[in-house]
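1. compute the structure for the input listed below.
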Amino acid sequence: MASSLTCAGVVWAFLSFLCAATSCVGFFMPYWLLGSQLEKSVSFGTFRRCSYPVRDESRQTTVMVEQCGRYASFQAIPSAEWRICTVVTGLGCGLLLLVALTALMGCCVSELISRTVGRVAGGIQFLGGKCSCGEGTGT
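-> Residues are numbered from 1 along each chain as shown. Here you go, the predicted model:
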């Protein structure tokens, strides 16, 4: 198998894939924010939550549902900012994964990645990293 990457490029490809995979796993796990509510441990991420409050209309109280799951719909995500965060983080993870998989293919296919393509891919990775890592600053 011929490679279009230098040794530094091969290291970049594997580190890119590792970072992209980590970002994607983090996106799908509900443990971004941890805390307690109604004396129960709660956690939630952009579109998943564990142990969340629900209004019990029959008893006119708020009870904790102690299970993990996704929000029923996109509109069920608690705020507009959180919905935007979900979209931006998902796009960032997608960009990171696309560039990482292309870089890994460059390890096996000659002339797939030129110097210009490598620079553009690095820029896309930077943008994807900003999208997937910048969500903690807004709310």
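
2. remind me, longest helix of this structure?
-> helix 80-106 (DSSP state H).

3. now do that one, average pLDDT.
-> For helix 80-106, mean pLDDT is 83.

4. specify the local secondary structure of Ala72.
-> Look at Ala72: counting by DSSP: H, G, I helix; E, B strand; the rest coil, its state is coil.

5. how close does it get to Arg59?
-> Going from Ala72 to Arg59 by C-beta to C-beta, to the nearest Å gives 22 Å. C-betas here are computed from N, CA, C, even on glycine.

6. if we can go back for a sec, give me the buried positions along the longest helix of the chain.
-> By 16 or more other C-beta atoms under 10 Å, the buried positions in helix 80-106 come out as 82-83, 85-86, 88-90, 92-97, 99-100, 102-104, 106.

7. what packs against that helix?
-> helix 7-28, helix 115-133 (3 or more C-beta pairs under 8 Å, 6 or more residues apart in numbering; DSSP states H and E).

8. just the pLDDT for the spatially most central residue of the chain.
-> Nearest residue to the geometric centre of the chain (C-alpha atoms, centre = their mean): Phe27, 3.1 Å. Among the per-residue scores, Phe27 holds a pLDDT of 77.

9. how close does the closest residue in space to it that isn't next to it in sequence get to Asp56?
-> Nearest non-adjacent residue to Phe27, counting by C-beta to C-beta, 6 or more residues apart in numbering: Cys93, 5.1 Å away. As judged by C-beta to C-beta, Cys93 and Asp56 stand 36 Å apart.

10. Ser16 too?
-> 48 Å.

11. if you count what's nearby, which of these two comes out ahead?
-> Ser16 (23 against 10; other C-beta atoms under 10 Å).

12. not counting sequence-adjacent ones, nearest residue to the more buried one?
-> Ala100 (4.0 Å).

13. pLDDT wise, what is the spatially closest residue to Glu66 that is not a sequence neighbour at?
-> Leaving aside its sequence neighbours, Glu66 sits nearest to Ser51 (C-beta to C-beta, 6+ apart; 5.0 Å). Note on Ser51: pLDDT of 78.
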